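[1] 3D, please:
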Amino acid sequence: MKKLFIALSAALFLGGNVQAQDDLVAKVRSQSQDTEKKGYEFTTQVDLSVLPVKNQASSGTCWSYATTSFIESEMARIGRKPVDISEMFTARMVYHDKAIRYVRLEGHLNFAQGGALPDVLYVMKKYGAMPYTSYRGLEYGEDVNRHSELEKVLKGMLDAIITNPNGRLSTSWQTAFDAVLDAYFGAVPEKFDFEGKNYTPRSFADKVVGLNPDDYVQITSFLHAPFYEEMFIEVPDNWSWGTSYNLPLDELMENVNNALDKGFTLSWATDVSEKGFSARNGLAIVPAIPYNNMTADQRREMFERPVEERTITPEIRQAAFDNFETTDDHGMHIVGRVVDQNGTRYYVVKNSWGEIPNPYKDGYIFCSETFLRYKTISFVVHKDALTKKTRKSLGL
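    The predicted structure is shown next:
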């Protein structure tokens, strides 16, 4: 069997530039919108939402929130009681492992807050998991995540270490680095209590979460690599050097719909820099008329009623990735599907910016099928959610 867990793919920027993400969220919150005005009429086809929307706050950890929410839904899918899993336990362990690789490469690796969707599975397999109630990761005088200072402290420390002032690295640099993580996140307990029972991070992942990380794969679609093979998505934050299975675009979308129809959700890496993405309006669309060519009325109306969207071919999608119009800047969780009054498909996407009000479902985005075709970097999904054709083609 191929290494399914290499799905660690695309370590997807997913929040690496926290200031950019802070600015984006602030802009979204300042947008005016009548949250009672519903120009789009949606009919639900699939609804697999489980736990409430969370808020990553001022941290580049959307990758952790997206896949943690996905894992919580997977617990529900297999009949387990979903629990609120700690995103910051995952972030802390990723910082530790990323630091080791950063030093080994003498700084030639992107060390930032961003990470990969499958990093949650990576941590679960290697270290385990913890409930949020036992590990909040807020030991620095804040009530919500604020990681800018933390990132600068950690990177500054590593940059000093790799100058190798002693002629060889000390035996204590990792201990010192972990001490900083402990100061900000809190020390990882050997054991903790949860609902009347005692666990370690390992036993909590095995007995309470109960998922096998090797059962999950990451899928994508690009033209610069062979189809039906594992490919490396070339982005700076792929610190784990992971791979994704590369599928033709139409087949990628077939697998998204197949997953939802079979009761599986998907963790999703995407680009939210498009003008057609609006958390305040609860929509993500790709109008046929470029935004810069729109009149003021057209710009307003695109969120007030369904509009004609651009036809997205594999070539258009590839060009946007190649010229940086599509970047890997956010991770979210696809939990359902709806259709509008014209029969157009949209995907119900759980965000991690808190319950931002919108006309349709606070804290969620309804993304058109066109938007997914155009702006998807990759998906993480259980291998059983794939079509029989795809599993056969991939040898799964």
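
[2] ok, which stretches of this structure are strands?
    43-47, 192-194, 197-199, 216-220, 230-231, 244-246, 266-270, 277-278, 283-284, 330-339, 345-350, 364-368, 376-382 (DSSP state E).

[3] mind checking which of those is nearest Thr311?
    Minimum separation from Thr311 across those (CB to CB) falls at strand 364-368, 12.3 Å. C-beta here means a position set from N, CA and C on the backbone, and glycine is covered the same way.

[4] and the closest one, which strands flank it?
    strand 283-284 (parallel), strand 345-350 (antiparallel) (DSSP bridges).

[5] just send these back as a markdown table, with distance to Glu369 too.
    Below are the strands paired with strand 364-368 laid out as a markdown table (distance: least, CB to CB, whole Å):
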| stretch | distance to Glu369 |
| --- | --- |
| strand 283-284 | 11 |
| strand 345-350 | 4 |
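
[6] turn those strands into JSON lines, columns for distance to Leu138 and mean neighbour count.
    Below are the strands paired with strand 364-368 laid out as JSON lines (distance: least, CB to CB, whole Å; neighbours: other CB atoms under 10 Å):
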{"stretch": "strand 283-284", "distance to Leu138": "31", "mean neighbour count": "24"}
{"stretch": "strand 345-350", "distance to Leu138": "22", "mean neighbour count": "24"}
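
[7] for Glu149, which of the ones you listed is the nearest?
    Short answer: strand 345-350, nearest of the strands paired with strand 364-368 by CB to CB, at 28.3 Å.

[8] the residue lying closest to Val272 once chain neighbours are set aside pairs with what?
    The shortest distance from Val272 to any residue other than its chain neighbours is 4.6 Å, reached at His330 (CB to CB, 6 or more residues apart in numbering). His330 has the following beta-bridge partners by DSSP bridges: Thr270.

[9] neighbours around His330, how many?
    By other CB atoms under 10 Å, the residues close to His330 number 28.

[10] rewinding a little: closest one to Lys155 among the strands paired with strand 364-368?
    Nearest to Lys155 among the strands paired with strand 364-368 is strand 345-350 (30.4 Å), distances taken as CB to CB.

[11] picking that back up, got CSV for the strands of the chain, with distance to Ala112 and mean pLDDT too?
    Formatted as CSV, the strands of the chain follow (distance: least, CB to CB, whole Å; pLDDT from 0 to 100):
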stretch, distance to Ala112, mean pLDDT
strand 43-47, 35, 98
strand 192-194, 29, 98
strand 197-199, 31, 98
strand 216-220, 20, 98
strand 230-231, 23, 96
strand 244-246, 21, 98
strand 266-270, 16, 97
strand 277-278, 22, 96
strand 283-284, 25, 98
strand 330-339, 14, 97
strand 345-350, 24, 98
strand 364-368, 24, 98
strand 376-382, 17, 97
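
[12] let me know which of these is tucked in deepest.
    strand 266-270 (a mean of 29; mean count of other CB atoms under 10 Å).

[13] restricting to C-alpha, output that strand in PDB.
    C-alpha atoms of strand 266-270 as PDB (Å, rounded to 0.1, in the frame of the first residue of the first chain):
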ATOM      1  CA  LEU A 266     -13.500  17.200   3.500                       C
ATOM      2  CA  SER A 267     -10.800  19.500   4.800                       C
ATOM      3  CA  TRP A 268     -10.100  22.100   2.200                       C
ATOM      4  CA  ALA A 269      -7.200  24.300   1.300                       C
ATOM      5  CA  THR A 270      -8.000  27.300  -0.900                       C
END
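
[14] check which helices and strands it sits against.
    helix 62-77, helix 249-261, strand 330-339, strand 376-382 (3 or more CB pairs under 8 Å, 6 or more residues apart in numbering; DSSP states H and E).

[15] show me where the chain has helices.
    Using DSSP state H, the helices found in the chain span residues 18-30, 62-77, 87-104, 119-126, 148-161, 173-185, 201-203, 249-261, 296-301, 314-322, 369-375, 388-394.

[16] Asp362: how many residues sit nearby?
    The burial count for Asp362: 15, using other CB under 10 Å.

[17] so how far is Tyr364 from the residue nearest to it when sequence neighbours are not counted?
    Distances taken as CB to CB, 6+ apart put Glu355 closest to Asp362, at 4.3 Å, once the chain neighbours are dropped. Look at Glu355 and Tyr364: by CB to CB, to the nearest Å, they are 9 Å apart.

[18] anything in contact with each of these two?
    Here Glu355 and Tyr364 have Val53 as joint contacts, going by CB atoms under 8 Å, 6 or more residues apart in numbering.

[19] how about low-confidence regions in the stretch 51-200 of the chain?
    The model of the stretch 51-200 of the chain has no residue with pLDDT under 70.

[20] pLDDT score assigned to Gln19?
    What the model reports for Gln19 is a pLDDT of 54.

[21] returning to what we had before: adding mean neighbour count and distance to Ala225, write the helices of the chain out as CSV.
    Listed next are the helices of the chain as CSV, based on neighbours: other CB atoms under 10 Å; distance: least, CB to CB, whole Å:
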stretch, mean neighbour count, distance to Ala225
helix 18-30, 15, 28
helix 62-77, 26, 22
helix 87-104, 22, 23
helix 119-126, 24, 22
helix 148-161, 15, 31
helix 173-185, 16, 35
helix 201-203, 17, 36
helix 249-261, 19, 13
helix 296-301, 11, 36
helix 314-322, 15, 10
helix 369-375, 24, 18
helix 388-394, 15, 14
